[in-house]
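>>> pasting a predicted model and its sequence here:
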Amino acid sequence: MTPLKTGLALLGLMTVAPAAFAAEDCGDVTIAEMNWASAGLAAWVDKIILEEGYDCNVELITGDTVPTFTSMNEKAEPDVAPELWVNAVKIPLDAAVEEGRIIIASEILSDGGVEGFWIPTKLAEENNIKTLEEALQHPDLFPGAEDESKGAFFSCPSGWACQIITQNQTRAMDIEGKGFELIDPGSAAGLDGSIARAFNRDEGWLGYYWAPTAILGKYEMTRLELGVDHNREAWDSCTVVNNCPEPELNEWPRSDVFTAVTKEFAEANAVTMDYLGKRAWSNETVNAMLAWMGDNQATNEDGAYYFLENHPEVWGEWVSEDVAKRVQDAL
């Protein structure tokens with residue numbers, strides 16, 4: 001099912017939802033607080049708006065792309081995944097939507113997500129590097145491997161969906177044969193720290209990253225061209241499959257980043273579904289928020305309050321005037 005069809009499926013659900021739902025109490029809601037900054041921020045924004053504006057009782061559950069999707073699909077919990085990057089779970093997600101277990105509430109990143117392999121822009125310009133193939137010709141420019149004779153190629157942390165994709169992409173390029181070692185940074189903080197350390201030392205860095213993020217707002221990075229088109233069939237059947245036997249290099253598609261909810265939640269919470277259906281923001285807005293959070297060592301909760309206090313022109317479009325007033329009064 002395409003995003004258009006899933007959106008139409010949601011619209012159909014909302015159209016037939018009884019108006020009586022709007023008068024019912026919101027009750028208890030569980031929201032996945034994913035372990036990357038933009039998703040964590042979104043979870044806290046939802047928590048505050050739903051609690052203060054809709055009188056919900058919200059519990060945040062630590063989450064990650066694949067485990068959260070699997071739990072929602074098989075156990076109908078948590079209720080909401082605010083920022084689900086779906087490229088790595090597209091086939092099972094489409095099946096879950098088709099069979100009615102999961103509902104797509106909105107596309108939270110209105111610009112979509114951007115994924116790929118990046119190097120510092122200064123390094124790219126000095127060495128005329130535009131493609132991944134050109135970068136792999138210079139392992140000496142990318143220190144950080146345990147074996148100092150090799151270059152470092154930074155992957156996603158363990159458990160992230162993009163880790164499987166990166167492993168398949170790098171195997172397709174035979175990075176080991178070209179003098180590189182694939183590095184697991186261990187966590188999002190470890191991945192960010194590896195980039196910050198490289199820039200502080202004026203060294204090269206090569207690896208996976210994505211937008212919107214504070215890091216790409218703070219440091220000038222260039223996304224490398226892969227030199228191939230996106231092959232959807234190969235992507236679904238191999239690129240996102242763990243240990244695919246014969247992976248081929250495959251360009252990332254524009255990443256759909258959805259807010260997903262369980263069927264049970266959608267049917268019982270029409271009024272909050274209306275909010276989630278309108279709740280979307282641009283990469284520019286998110287980049288600015290993440291940069292502020294990074295500069296101020298702010299938590300997801302701090303960032304959510306800062307956003308709500310300083311950008312009512314954005315979130316005010318997501319809710320009714322009455323709900324907006326209740327949230328503002330609580331702030």
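Arrived safely.
>>> C-alpha only now, for contacts and for neighbours.
OK.
>>> name the next helix or strand downstream of whichever strand or helix holds residue 29, please.
For residue 29, the host element (DSSP states H and E) is strand 27-34. Going down the chain from strand 27-34, the next helix or strand is helix 37-54, by DSSP H and E.
>>> can you give me the buried ones in that next one?
37-54 (16 or more other Cα atoms under 10 Å).
>>> other SSEs contacting the host helix or strand of residue 209?
Using DSSP H and E, residue 209 falls within strand 207-211. Secondary-structure packing of strand 207-211 (3 or more Cα pairs under 8 Å, 6 or more residues apart in numbering; DSSP states H and E): strand 114-120, strand 151-154.
>>> just name the shakiest helix or strand of this protein by mean pLDDT.
The helix or strand of the chain with the lowest confidence, counting by mean pLDDT, DSSP states H and E, is helix 3-16 at a mean of 41.
>>> how about the closest residue to residue 298 other than its chain neighbours, secondary structure?
Once flanking residues are discounted, residue 298 sits nearest to residue 292: 7.9 Å by Cα to Cα, 6 or more residues apart in numbering. Following DSSP: H, G, I helix; E, B strand; the rest coil, the label given to residue 292 is helix.
>>> contacts only, for residue 149.
Residues near residue 149 by Cα atoms under 8 Å, 6 or more residues apart in numbering: 140, 179.
>>> just checking, it is part of a helix?
No. Read with three-state DSSP, residue 149 is coil and lies in no helix.
>>> for the closest residue to residue 100 other than its chain neighbours, give me its contacts.
With sequence-adjacent residues excluded and distances taken as Cα to Cα, 6+ apart, residue 100 is closest to residue 263, at 6.5 Å. By Cα under 8 Å, 6+ apart, the contact list for residue 263 reads 76, 100-103.
>>> just the pLDDT at residue 263, thanks.
Per-residue confidence (pLDDT) for residue 263: 96.
>>> would you mind listing the buried residues in stretch 301-309?
Going by neighbour count (16+ other Cα under 10 Å), the buried part of stretch 301-309 is 301, 303-308.
>>> can you flag which of those residues belong to helices?
The helices, defined by DSSP state H, take in 301, 303-308 from those.
>>> quick one: those residues as TSV, columns for distance to residue 126 too.
Below are these laid out as TSV (distance: Cα to Cα, whole Å):
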residue	distance to residue 126
301	41
303	37
304	39
305	42
306	39
307	38
308	42
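>>> and which of those is nearest residue 131?
residue 303 (35.6 Å; Cα to Cα).
>>> now that closest one: how far from residue 286?
Using Cα to Cα, to the nearest Å, residue 303 is found at 10 Å from residue 286.
>>> try residue 29
24 Å.
>>> these two - which one has more neighbours?
residue 286 (22 against 19; other Cα atoms under 10 Å).
>>> my guess is that one meets residue 215, correct?
No. The criterion here is Cα atoms under 8 Å, and residue 286 misses it with residue 215 at 11.8 Å.
>>> what is in contact with those two at once?
Joint contacts of residue 286 and residue 215 (Cα under 8 Å, 6+ apart) do not exist.
>>> which residues sit in contact with the nearest residue to residue 261 once chain neighbours are set aside?
Closest residue to residue 261 apart from its sequence neighbours, by Cα to Cα, 6+ apart: residue 80 at 4.5 Å. Neighbouring residues of residue 80 by Cα under 8 Å, 6+ apart: 29-32, 259-262.
>>> okay, residue 80: pLDDT?
Confidence score, pLDDT, at residue 80: 97.
>>> cool, and residue 66?
Predicted confidence (pLDDT) for residue 66: 90.
>>> neighbours around it, how many?
17.
>>> just checking, it touches residue 89?
Yes. Assessed by Cα under 8 Å, residue 66 is found in contact with residue 89 at 7.2 Å.
>>> domain map for this protein?
3-112+254-330, 114-239 (automatic domain parsing).
>>> nearest to residue 245, out of these?
domain 114-239 (8.1 Å).
>>> picking up where we left off before, tell me which residues in the strand holding residue 29 are buried?
Buried, per 16+ other Cα under 10 Å, within strand 27-34: 29-34.
>>> could you do stretch 286-296 as well?
286-294.
>>> is residue 151 in contact with residue 183, as I believe?
No. Counting by Cα under 8 Å, residue 183 is not a contact partner of residue 151; they are 9.8 Å apart.
>>> number of nearby residues for residue 188?
16.
>>> likewise residue 183?
So residue 183, with other Cα under 10 Å, has 18 neighbours.
>>> kindly report the same for residue 314.
A total of 15 residues lie near residue 314 under the criterion other Cα under 10 Å.
>>> wait, a strand at it?
No. Secondary structure of residue 314 (three-state DSSP): helix, not part of a strand.
>>> give the contact list for it.
Counted by Cα under 8 Å, 6+ apart, residue 314 has contacts residue 281.
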